[in-house]
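Participant: predicted model, plus sequence, below.
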Amino acid sequence: MTANKIKTLKEAVNLIEDKMTIAIGGNVLHRAPMAFVREIVRSKKRDLRIVKTAGAHDVDLLCGSDCVSIVDAGFISYETEFGLANHYRKAVETGKIKANEHACYTVMCALRAAKAGLNFMPVKGLVHSDLIAENDYFRKITDPFSGESVTVVKSINPDVAVIHVHECDKEGNAVIYGPKFDDELISLSAKRVILTTEKLVNKSKFSKQMQNIAIPGFLVDSIVVIPKGASPCSCPGLYDIDEKILKDFTSNCSKEHIEKYLAYYEAKDSVKGAFYSV
Amino acid sequence: MTANKIKTLKEAVNLIEDKMTIAIGGNVLHRAPMAFVREIVRSKKRDLRIVKTAGAHDVDLLCGSDCVSIVDAGFISYETEFGLANHYRKAVETGKIKANEHACYTVMCALRAAKAGLNFMPVKGLVHSDLIAENDYFRKITDPFSGESVTVVKSINPDVAVIHVHECDKEGNAVIYGPKFDDELISLSAKRVILTTEKLVNKSKFSKQMQNIAIPGFLVDSIVVIPKGASPCSCPGLYDIDEKILKDFTSNCSKEHIEKYLAYYEAKDSVKGAFYSV
Amino acid sequence: MYSTSYTANKPHHPADIMICAIARMLKNDETIFHGVSSSLPMVAMKLAKALYAPDAVLLNIPGGVNSSSFKTSEYSSAGEELWDNSEAIFPLEKIFDLSMRGGLDVAFLSGVQFDASGNVNASVIGSYSKPKVRLPGGAGSAVLIPTAKKAIIWRTKHDKRTFVENVDFVTTRGNIHKIVTPLCIFGYENSRLYLDSISPNTTIEEVKANTGFTIFEETVPTIMEPTREELSLIKRIDPKGVRYKEFSK
Amino acid sequence: MYSTSYTANKPHHPADIMICAIARMLKNDETIFHGVSSSLPMVAMKLAKALYAPDAVLLNIPGGVNSSSFKTSEYSSAGEELWDNSEAIFPLEKIFDLSMRGGLDVAFLSGVQFDASGNVNASVIGSYSKPKVRLPGGAGSAVLIPTAKKAIIWRTKHDKRTFVENVDFVTTRGNIHKIVTPLCIFGYENSRLYLDSISPNTTIEEVKANTGFTIFEETVPTIMEPTREELSLIKRIDPKGVRYKEFSK
């Protein structure tokens, strides 16, 4: 038998080491692995480099909790309703965090490079932008065939991808209902994949439905069963965002306010999922 | 309404012009769009550049019928059972056709470049190979970040991708059962997509099953309804290869033998599919 | 400043005027994408599909093609409702690729500062390395504005801090089809923004007074008021008035 | 030449000896890929999974992960039966990427000519531009042999035209784990092939006589005969003897 991949939240978060590059699944307020993110905060991980095309509450919380030194992203903000990601903003403005601004697609291209074992990836569209000169992860090179100039982006190689899924079996074969965002891409570019899952299901559930599996188990390192693990973000088909919590969280930028928020989730994040006997 | 995409085989083949680059769907003996290929032969198209990671009967027939000037592929052969692709071999050996040998993956990388609007794509694995020096579509360049050398492949931009599918609706939203091979990739890298389909179905059939659609209709230019359109190759779930025909085809390399083969399929290829009223 | 409230002279909310103006720009058979935090384009695209461009292909971040869902998220333009009841799935990665290879007709993007040369800033106020204000980032702007056939920018603020002489930072530049604001529509020609038309709620003087770069045009057309048909559809598409939220911030 | 027929002294078909030798090389938890025209590795992988490496991850061109289908195609190692009844789908494009990023443990590849320096030719006999014989092509060899952790090559012909002093064309070079033939297994060390072990059906003299480059080894182990358990499983995996077909060509 393969080693048991099923872990508690604490055990799984222990795989995260300071300074690691962490790719987070989901998109803005949807299907972020929030229980895992909160446990990173509780475990006081430091100097993480966070990678996400478009982040919101996840990145904001990590930035407000001093876990992060670099953020690689195309967009970090709650959407219109909840305004800007103020923890992130303040941390960047005070110089505590380096914002590696990307164009969403250049994050994808940097991950595609990692996925294919490459150090860089050409990007067609990035032509006129101060981002190229300001950032050492963009370069212009000469296309050897046409002699034209093309921008390339340096690969981003996540140490760990953390992805919240609807269900998986004990080997990590995982199904995501609704939008998959960049989760497949990050699962293919990271050295290790950690899943948090709403539900553990028997492998036979996927019989003859293997084409619906978004992440094959052999890529998965660890599995944490944590129902409502994306809350207060949404988990399509299961629950929508928790508007009250998000409004409250974004209303106040103090450390005490984050403590209060974490305390609110303390019990919920340690609820054991419906394990089936392994 | 969008223009009617549903065409006869003849009408659809008329979109193919001499010297075009044609990407062919399927893999070796599986789900090749053979009815369409035969109609290319009957229409005496010339100087085509054929692109496929691993081709067999499709490429062999086109090469034996003087339709082709260049083949870009990683592997051209019937599998063990039916031996080598002798029309292709002879044409290359006599200099009639230029074989652009690739490593399957470098065809994919060249198509990925086209898909992303790029002129070239780096390829990690191609390091020690005479293929690099012998072919002008491979170059070594310097990775601007590490200073290391990396091989790049020139993009391949198919004018047309021809893909045989199990079913599609009149807009071209197409479902493929079983292995999809590189069909999604070629549909995303070609300027135009032509589908041949076993069956035309009502759009409502795909309701709530949109995640099973391999090729979205808006990418599709033309649709030909042609049951058994992959024969004598297989169409997974519907029919296996026609061993007798393939054995006969490969047993004799004369032009007359190809004529006989085409004649055998003449009536079958002009059978009208089960159109539903549009 | 311009008013966003309803008066006898200004019977239409700028959101509705902008939505109709945008919807009328969209053509049948076009492939059209909106991104995150984009409730105005989202409503405009659905309006266009219903009225002007029935065969348009609507794309979004979750990847639903032509989602026919009637639910509209109150807080997100990247939610599952844009995936549900769609015709096919075409996720963001593929949409970007499509634009890169020249196959995306229209992309909706925004920004925080714009100057007359067509520079767009969605990155920072102040310097990039030590910003006075770190903005959310340009999302897809830096790669989509240069590659989409028509890059349409909308911005719900029109003031001298938004339309400036020189942007603090060039997130991207050029290839702008139109910029739509509560006061006007800018076009872009010969590497310069020009005043294309103004809102029925404003005057050319007010536009000039709220724009930080020189506007040379003296007379331009007034954007047509929303029609009754358009308004009734907008209300069906967005019954809860999500489109107004961007104006209250 | 060596015999492929059964005799009292040579009770096992070289296909079965090769399959068992290959299967015994595969370790538990390894991620293992076979490509097109690969019936021998296909049977060996299934045998290994059943006996030696229950947690191995078996990958193939159609993309089925650990397909449990009992059907074996008689003519193809890229057929739908490798997709049916699989645990997940991981298509060829992703398998290549996996190897490029260092995540593929074992890849099975072939070729037509091999020399002592570890050069592999699957491209042409004669010159590349005007070949005497145009071969099918190396399929994935040129990118998988350099990147897979273990590149295992099998070849059902062992003669002086196959194992040559210098290959006509270098499709790829180096990083060979083993080459398995009806006569022997070659290893690869310090940029040179060496004789690792020989088939119980042959002698070291016969191997040397059929190899075009110099073999320096004088004594090497003999490959263990297939066990009764292995043979009975092979027969279950491949009841129609597809594995023998490559030998009749």
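Facilitator: On my side now, so go ahead.
Participant: alpha carbons only for contacts and neighbour counts from here, please
Facilitator: OK.
Participant: residue A:45 contacts residue A:69, doesn't it?
Facilitator: No. Between residue A:45 and residue A:69 there is no contact under CA atoms under 8 Å: 10.8 Å.
Participant: give me the number of residues near residue 119?
Facilitator: You didn't pick a chain, so chain A it is. Look at residue A:119: counted by other CA atoms under 10 Å in any protein chain shown, it has 23 neighbours.
Participant: right idea, wrong chain: chain C
Facilitator: Residue C:119 has 26 nearby residues by other CA under 10 Å.
Participant: quick check, pLDDT for the nearest residue to it once chain neighbours are set aside.
Facilitator: Leaving out its chain neighbours, the residue that sits closest to residue C:119 by CA to CA, 6 or more residues apart in numbering or on different chains is residue C:173, at 4.4 Å. Residue C:173 is assigned a pLDDT of 94 by the prediction.
Participant: shouldn't residue C:173 be in contact with residue C:146?
Facilitator: Yes. Between residue C:173 and residue C:146 there is a contact at 7.5 Å, judged by CA under 8 Å.
Participant: for the nearest residue to residue C:86 once chain neighbours are set aside, which residues are in contact?
Facilitator: Spatial nearest neighbour of residue C:86, chain neighbours left out: residue C:67 (3.7 Å); criterion: CA to CA, 6+ apart. With contact set as CA atoms under 8 Å, 6 or more residues apart in numbering or on different chains, residue C:67 has these partners: C:58, C:81, C:82, C:83, C:84, C:85, C:86, C:87.
Participant: what do you get if the cut-off is 10 Å, keeping everything else the same?
Facilitator: Counting by CA atoms under 10 Å, 6 or more residues apart in numbering or on different chains, residue C:67 makes contact with C:46, C:57-60, C:81-89.
Participant: again, but for residue A:147
Facilitator: Contact partners of residue A:147, counting by CA under 10 Å, 6+ apart, are residue A:141.
Participant: my read is it is in a strand, agree?
Facilitator: No. Assessed by DSSP: H, G, I helix; E, B strand; the rest coil, residue A:147 does not belong to a strand; its assignment is coil.
Participant: how about the helices of chain C, start to end?
Facilitator: For chain C, the helices defined by DSSP state H occupy C:14-25, C:39-51, C:92-100, C:141-147, C:204-209, C:228-237, C:245-248.
Participant: so which of these gets nearest chain B?
Facilitator: Ranking those by proximity to chain B (CA to the nearest CA) places helix C:92-100 first, at 4.5 Å.
Participant: and chain B, is that closest one touching that?
Facilitator: Yes. Shown here: helix C:92-100 in contact with chain B (CA under 10 Å from any CA of the partner chain) through C:93, C:94, C:95, C:96, C:97, C:98, C:99, C:100.
Participant: next up, the contacts around the residue in chain A that chain D sits nearest to.
Facilitator: At 3.8 Å from chain D, residue A:117 is the closest residue in chain A, using CA to the nearest CA. The neighbours of residue A:117, taking CA under 10 Å, 6+ apart as the test, are A:111, A:155, A:157, A:189, B:122-125, D:97-103, D:147.
Participant: for the closest residue to chain C within the stretch 151-278 of chain A, which non-adjacent residue is closest in space?
Facilitator: At 5.0 Å from chain C, residue A:179 is the closest residue in the stretch 151-278 of chain A, using CA to the nearest CA. Once flanking residues are discounted, residue A:179 sits nearest to residue C:62: 5.0 Å by CA to CA, 6+ apart.
Participant: hang on, residue C:84 packs against residue C:64?
Facilitator: Yes. Assessed by CA atoms under 10 Å, residue C:84 is found in contact with residue C:64 at 6.9 Å.
Participant: just to revisit the earlier point, go through the helices of chain C and name the closest to residue B:229.
Facilitator: Nearest to residue B:229 among the helices of chain C is helix C:92-100 (28.7 Å), distances taken as CA to CA.
Participant: in that closest one, what's buried?
Facilitator: Within helix C:92-100, the residues that count as buried by 16 or more other CA atoms under 10 Å in any protein chain shown are C:92, C:93, C:94, C:95, C:96, C:97, C:98, C:99, C:100.
Participant: show me the contacts for the residue of the stretch 151-278 of chain A closest to chain C.
Facilitator: A:26-27, A:30-31, A:235-236, B:211, C:61-64, C:78-84, C:89-91.
Participant: among those residues, which ones are in strands?
Facilitator: Judged by DSSP state E, those include C:64, C:89 as members of strands.
Participant: pLDDT weak spots in the stretch 1-150 of chain A?
Facilitator: A:1-3 (pLDDT under 70).
Participant: show me where it has its strands.
Facilitator: Using DSSP state E, counting those that start in this stretch, the strands of the stretch 1-150 of chain A run over residues A:6-7, A:21-24, A:48-55, A:68-76, A:98-101, A:120-123, A:138-142, A:149-154.
Participant: I'd like the next helix or strand past the last one.
Facilitator: Pointing back at strand A:149-154 there. Once strand A:149-154 ends, the next helix or strand along the chain (criterion: DSSP states H and E) is strand A:160-168.
Participant: for that following strand, buried residues please.
Facilitator: Applying 16+ other CA under 10 Å to strand A:160-168 flags A:160, A:161, A:162, A:163, A:164, A:165, A:166, A:167, A:168 as buried.
Participant: you'd agree the second one is up against residue A:189?
Facilitator: Yes. The pair residue A:161 and residue A:189 passes the contact test of CA under 10 Å, sitting 8.3 Å apart.
Participant: report the set of residues contacting both of these two.
Facilitator: Common contact partners of residue A:161 and residue A:189 (CA under 10 Å, 6+ apart): A:23, A:183.
Participant: contacting residues around residue C:39?
Facilitator: Applying CA under 10 Å, 6+ apart, we find residue C:39 in contact with A:79-80, C:19, C:45, C:72-78, C:238, C:241-246.
Participant: likewise residue A:11?
Facilitator: The contact partners of residue A:11, by CA under 10 Å, 6+ apart, come to A:222, A:224.
Participant: tally up the residues packed near the residue lying closest to residue C:10 once chain neighbours are set aside, please.
Facilitator: Spatial nearest neighbour of residue C:10, excluding adjacent residues (CA to CA, 6+ apart): residue C:201 at 5.3 Å. Residues lying near residue C:201 (other CA under 10 Å) number 24.
Participant: so which of the helices of chain C comes closest to residue B:219?
Facilitator: Nearest to residue B:219 among the helices of chain C is helix C:92-100 (10.1 Å), distances taken as CA to CA.
Participant: does that closest one come close to chain D?
Facilitator: No. Helix C:92-100 does not reach chain D (CA under 10 Å from any CA); its nearest approach is 15.8 Å.
Participant: what packs against that helix?
Facilitator: Applying 3 or more CA pairs under 10 Å, 6 or more residues apart in numbering or on different chains; DSSP states H and E, one finds that helix C:92-100 contacts helix A:105-115, helix B:105-115, helix B:183-189, strand C:31-33, strand C:106-109, helix C:141-147.
Participant: deepest of those, which one?
Facilitator: Ranked by mean neighbour count, the helices and strands packed on helix C:92-100 are led by helix C:141-147 with a mean of 28 (mean count of other CA atoms under 10 Å in any protein chain shown).
Participant: now that helix: how far from the chain's centre is it?
Facilitator: Distance of helix C:141-147 from the chain centroid (CA atoms, centre = their mean, to the nearest Å) equals 14 Å.
Participant: would you put the C-alpha positions of that helix in CSV?
Facilitator: Coordinates of each C-alpha in helix C:141-147 appear next as CSV, following Å, rounded to 0.1, in the frame of the first residue of the first chain:
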residue,chain,number,x,y,z
SER,C,141,-4.6,44.2,-19.0
ALA,C,142,-0.9,44.1,-19.7
VAL,C,143,-1.3,41.2,-22.1
LEU,C,144,-4.9,41.6,-23.3
ILE,C,145,-4.9,45.3,-24.2
PRO,C,146,-2.0,44.7,-26.7
THR,C,147,-3.5,41.6,-28.2
